[in-house]
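Student: output the structure for:
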Amino acid sequence: MSWGVSNTRWALVIGLVLTGTSATAFGQGSPAKTAGTTAAAKPSGTLVALVDIGHVFKNHPRVKQQVEGMKQDLGDYEKEVVANRQELVKQREKMVKFAVGSPEYKQVEEQIARQVSDLQVRDQMKKKDVLEREARIYYDAYNEVLDHVARLSTEYGIGLVIRFDSQPIEPTDRNSVQAGVNRNVVFQRNLDLTPLVLERLNAAAPATTADRRNATGTAAPKSNGTKK
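Tutor: Numbers count the residues shown, from 1 in each chain. Down below sits the predicted model:
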């Protein structure tokens, strides 16, 4: 475990304790005395922590792997599209050699129309496939993050975890400034679970066959019935 993560864990513990401690625990008010002893002040309220989901996704090891797989797949498809377009150019060059309205001209024209229609359908199906795979990647990753957040909350006695954005505001970027001033969390100290969540994600098992299938869109190999 790195020093930075250990430091984060210790700071988080201190921050959570202070957040969940009532005013009485800090000595404001007089604690009741029973049988000659002072009743111990106990923390009250709900312990709150924060997590930067956007930062987690950007640094999630499996998400990065799957997104790279999708980029590779899209790159291969783009090469295929270029080849198909070049074929259409050849077909058009062939068509202009024939007299307009001739049987040969009409035949090539129909071939081009069919190819264009097929390409449009394939593009639509490819777009749908990519969007569905991307959604599944982030859906699975988000549920995994939620699981780690829930475990950490149980360990530290956290009752509420709020999403926040830890990225610095770019002063020359209007969208960044607008998003920054509209953030729900204005200030926090030692309440960020994000480093601990990433630590556990990085320590998780390698990508499964299902993960690789989400990234590449390929079918999983058939099982031979043997369990490991």
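
Student: all contacts plus neighbour counts: C-alpha atoms, from now on.
Tutor: Noted.

Student: mind checking how far the spatially most central residue of the chain is from K79?
Tutor: Among the residues of the chain, the one closest to the centroid is F57, at 3.7 Å (Cα atoms, centre = their mean). F57 sits 29 Å away from K79, going by Cα to Cα, to the nearest Å.

Student: mean confidence for stretch 167-179?
Tutor: Mean pLDDT, computed over stretch 167-179, is 93.

Student: make that stretch 96-106, sorry
Tutor: For stretch 96-106, mean pLDDT rounds to 87.

Student: with just CA atoms, put it into CSV.
Tutor: Provided in CSV are the C-alpha atoms of stretch 96-106 (Å, rounded to 0.1, in the frame of the first residue of the first chain):
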residue,chain,number,x,y,z
VAL,A,96,-20.4,7.0,-66.4
LYS,A,97,-18.9,4.9,-69.2
PHE,A,98,-22.4,3.8,-70.2
ALA,A,99,-25.1,5.8,-71.9
VAL,A,100,-27.6,7.3,-69.4
GLY,A,101,-30.7,5.1,-69.4
SER,A,102,-29.0,2.1,-71.1
PRO,A,103,-29.4,-1.4,-69.5
GLU,A,104,-25.8,-1.4,-68.4
TYR,A,105,-26.1,2.0,-66.8
LYS,A,106,-29.3,1.0,-64.9
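
Student: show me which residues of that stretch are buried.
Tutor: Y105 (16 or more other Cα atoms under 10 Å).

Student: got a list of contacts for that stretch?
Tutor: For stretch 96-106, the surrounding residues in contact (Cα atoms under 8 Å, 6 or more residues apart in numbering) are M95.

Student: and with 10 Å instead?
Tutor: R92, K94, M95, Q107, V108, E109, E110, I112 (Cα atoms under 10 Å, 6 or more residues apart in numbering).

Student: narrow those residues to those in helices?
Tutor: R92, K94, M95, Q107, V108, E109, E110, I112 (DSSP state H).

Student: dump these into TSV; add distance to G101 as well.
Tutor: TSV is the format used below for the ones in helices among the contacts of stretch 96-106 (distance: Cα to Cα, whole Å):
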residue	distance to G101
R92	14
K94	14
M95	11
Q107	10
V108	11
E109	10
E110	12
I112	15
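
Student: for those, which one is nearest N182?
Tutor: Within those, proximity to N182 (Cα to Cα) peaks at I112, which comes in at 52.1 Å.

Student: show me what contacts that closest one?
Tutor: E87, L88, V89, K90, Q91, R92, M95, K106, D118.

Student: between which two of those residues is the distance greatest?
Tutor: M95 and D118 (19.0 Å).

Student: check the secondary structure at I162 for me.
Tutor: Put simply, I162 is strand when judged by DSSP: H, G, I helix; E, B strand; the rest coil.

Student: which one is it nearest to, not counting chain neighbours?
Tutor: Ranked by Cα to Cα, 6 or more residues apart in numbering and with sequence neighbours excluded, the top spatial neighbour of I162 is L50, at 4.8 Å.

Student: again, but for V177
Tutor: Using Cα to Cα, 6+ apart and skipping residues adjacent in sequence, the residue nearest V177 is I169, 5.8 Å away.

Student: show me where this structure has helices.
Tutor: 3-19, 53-59, 61-95, 103-156, 174-181, 194-202, 209-216.

Student: adding distance to D165, write the ones you listed out as CSV.
Tutor: Shown next, in CSV, are the helices of the chain (distance: least, Cα to Cα, whole Å):
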stretch, distance to D165
helix 3-19, 17
helix 53-59, 7
helix 61-95, 19
helix 103-156, 16
helix 174-181, 8
helix 194-202, 10
helix 209-216, 26
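
Student: I'm done for today, thanks for sticking with me.
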